[in-house]
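*Asks:* okay, structure incoming, though there's no sequence with it:
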C-alpha cells in the first residue's frame, strides 16, 4: 500500500497544490488505515473491510468529526486509485459516514470583544509588544481570518492605504479580505515602533515570525486580563466576526467569501442569532408581540 500512498501524496502536492499541513493529515490518516490492513493488499479491500475499519475506529471512542475526516481521506484516496486505473472499482462508494453531530460555535458579544481588545492597552500602551498584541487582536476581529492565516501574513500582504489584506488560506488558495481602519492604525503604530525589520508582519520577542502558539498565548493572556469567561480562544474571534456581521445584516454569501469557505454549508453554522437579536426582531415583526 505504501507505493499507492506515495503516488497519492505526489498527486496532492503537484496537481491539487494542497498545503503541507493538509498533506500531512492525509498521510497520517492513510498510514492509520495501512496499519489496520496489515498484510491485506489494497486490491483486496472491499465494503466489508471498510465496515470493519469503521467499527475499529468506533471502538477507540473517537469523535464523529475524527472518524469522518479519516473516511474522507479514504474516499479521496480510493477515488484517485480508481480514476487512475490502479483499482478496477471504488470499494468505498457504498459506505455511509456517521451522522455529524450539530453544534453552535461559541462567540463573544460585541461588548466582550471590545473589553478583550481594550485590555491589550491596559498595561502596555507604548511598548512594541503591547502594540503588537493590540494589532494582532484588532486584525483578528477586523478580518475573521484563521490563526494560521494571520501568522502567515507578510508586511507586503497588507495594503494600509487601500484597507485590504491578501490571505493564503486552506488549499493554498489566496483571497482578498477587507481590513478596518482601527486595525490598520494599530498595525501602523506597531510597525513604526518595531526595532527589527522583517518581511513577516507579526514577530515574536526573538524578532522572527510569530507562531500559532505565540498568538494563542497572546489571546489567552488578555482573556485573563479582561476577566472573560472560559472557552474563548483565538478561533472565537473568527466565530464572533461571522456572527456579528450576520446579526448586522450581512448576507451569507458575503460572509462565506470573507471566511474563505469552499462550501456555503460550512458558513451556515453561523446563522444562529443571539437571544437578544431574536427577541428584537420578534418584537418588531409580530403583531401581538
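*Replies:* Here it is on my side, so go on. Fair warning: this is a prediction, and the values are worked out from it, not measured in the lab.
*Asks:* so who does the closest residue to residue 148 other than its chain neighbours touch?
*Replies:* With CB to CB, 6 or more residues apart in numbering as the criterion, residue 148 has its nearest non-adjacent residue at 6.2 Å, and that residue is residue 212. Using the backbone N, CA and C atoms, a C-beta is placed for each residue, glycine as well. Each residue near residue 212 by CB atoms under 8 Å, 6 or more residues apart in numbering is listed here: 147-148, 151.
*Asks:* tell me the one of those residues nearest residue 20?
*Replies:* residue 148 (11.2 Å; CB to CB).
*Asks:* thinking again about what came up before, now the contacts of residue 212: which count as buried?
*Replies:* A residue is treated as buried here by neighbour count (16 or more other CB atoms under 10 Å); on that basis the buried members of those are 147, 151.
*Asks:* just the ones of the contacts of residue 212 in helices?
*Replies:* Judged by DSSP state H, the contacts of residue 212 include 147-148, 151 as members of helices.
*Asks:* can you redo those as a markdown table with pLDDT and distance to residue 26?
*Replies:* Converted to a markdown table, the ones in helices among the contacts of residue 212 look like this (pLDDT from 0 to 100; distance: CB to CB, whole Å):
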| residue | pLDDT | distance to residue 26 |
| --- | --- | --- |
| 147 | 93 | 21 |
| 148 | 92 | 17 |
| 151 | 95 | 22 |
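*Asks:* how many residues are close by residue 261?
*Replies:* 19 (other CB atoms under 10 Å).
*Asks:* got the phi/psi numbers for it?
*Replies:* phi -80, psi 140 (degrees, to the nearest 10).
*Asks:* how much space between residue 12 and residue 83?
*Replies:* In this view, residue 12 and residue 83 are 14 Å apart by CB to CB, to the nearest Å.
*Asks:* so those two - more neighbours on which side?
*Replies:* Set side by side, residue 12 and residue 83 show unequal neighbour counts under other CB under 10 Å, the larger going to residue 12 at 18 against 11.
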